[in-house]
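Asker: Provide a 3D model corresponding to the input given below.
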Amino acid sequence: MELSNTSYSGISIQVSLSGYSFKLTTSQEENSSGWLPAERIFTTPEFQRRYTEVNIALLTPKVALVPESFWNQENAREALSAVVNLSPEDVVEWVKVPSLASVLVFSNTIGETLSRVLAQTVLPASGTPARVLPEMYYMLLSLDSIAEYNKIVASWRDGWLHLVIAQGKSLLLANVYEAPDFTTAQYFLFLALKRLQLNPEVSTVFFRTPLAPEAELSMYRYFKSVVQL
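Answerer: This is a model prediction of the structure:
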């Protein structure tokens, strides 16, 4: 997988407990990897160069979206602990999501070190390591790039379904569900659509994580289209 000699080159990396995947973007093309095991990190040639932009997304289930009007930085830990179980050693961070007038509170403490190694290894042209942000953050950002009225964005890996649903400019759902297998992930996806009264037959589902062929085929049975972001 070679990058073209263009003025822009970006890399987006998704990290979970079992490994990682990445997508390369230049001014002319996009190329994606499948899901790779952690031990491949030091032999992946795409990680040995610098990029215009580097995004590193960690699939942490420890996230909570707070409207800016209710946001108080001093209560960040309290806001996150209200929706997820936190251990005393969990580090709590936050990042603004201006397009939704909200703040995403999160913890990257999920028992892995791969994301930190990648942040120190895959560098932008400036040489300053990219900040590791939650998968949920990039899912929320992706809403602006989806032209369809029903916007359904999902990521699934290592027992967690990350799901964002919006209609037009209105965010309807941003949640993480415990789903040990893809069948369970589908159950939560369809349950959310049913509660929101959205018809999958006239909707496209957008997956950010790589889908196995059988999982993609299963999605096509219910949705108008399945798109890999």
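Asker: Now do the same for residue 29: its pLDDT.
Answerer: According to the predicted model, the pLDDT of residue 29 comes to 85.
Asker: One more: the one 10 residues further on?
Answerer: Per-residue confidence (pLDDT) for residue 39: 90.
Asker: Give me the neighbour count for it.
Answerer: Residue 39 has 8 neighbours, counted by other CB atoms under 10 Å. For every residue, glycine as well, the C-beta is placed using N, CA and C.
Asker: Provide a list of residues in contact with the residue nearest to residue 144 when sequence neighbours are not counted.
Answerer: Once flanking residues are discounted, residue 144 sits nearest to residue 99: 5.9 Å by CB to CB, 6 or more residues apart in numbering. Under the criterion of CB atoms under 8 Å, 6 or more residues apart in numbering, the contact partners of residue 99 comprise 140, 141, 143, 144.
Asker: for the protein, where's the lowest mean pLDDT among helices and strands?
Answerer: When the helices and strands of the chain are scored by mean pLDDT, DSSP states H and E, strand 30-32 comes last with a mean of 90.
Asker: That strand - which strands sit beside it in the sheet, and in what orientation?
Answerer: In its sheet, strand 30-32 lies beside strand 19-26 (antiparallel), with partners assigned from DSSP bridges.
Asker: contacting residues around the strand it pairs with?
Answerer: Residues contacting strand 19-26 (CB under 8 Å, 6+ apart): 1, 3-4, 6, 8-14, 30-38, 40-41, 44, 46, 114, 118, 209-210.
Asker: Are any of the residues you listed buried, and if so which?
Answerer: A residue is treated as buried here by neighbour count (16 or more other CB atoms under 10 Å); on that basis the buried members of those are 3, 9-14, 33, 35-36, 38, 41, 44, 46, 114, 118, 209-210.
Asker: Break the protein down into its structural domains.
Answerer: Per automatic domain parsing, the structural domains of the chain span 9-59+110-130, 63-107, 138-228.
Asker: For residue 76, give its distance to residue 65.
Answerer: Between residue 76 and residue 65 the distance is 13 Å, computed by CB to CB, to the nearest Å.
Asker: Over to residue 173?
Answerer: In this structure, residue 173 and residue 65 are 10 Å apart, going by CB to CB.
Asker: more crowded one of these two?
Answerer: Remark: of residue 173 and residue 65, residue 65 carries more neighbours, 20 against 14, as counted by other CB under 10 Å.
Asker: Now do the phi/psi pair for the more buried one.
Answerer: Dihedral angles phi and psi of residue 65 (degrees, to the nearest 10) take the values phi -100, psi 130.
Asker: Tell me the bridge partners for it.
Answerer: Legend: beta-bridge partners of residue 65 under DSSP bridges are residue 104.
Asker: Is it in contact with residue 100, as I believe?
Answerer: Yes. With contact defined as CB atoms under 8 Å, residue 65 reaches residue 100; the gap is 7.5 Å.
Asker: Since that was my last question, I'll sign off now.
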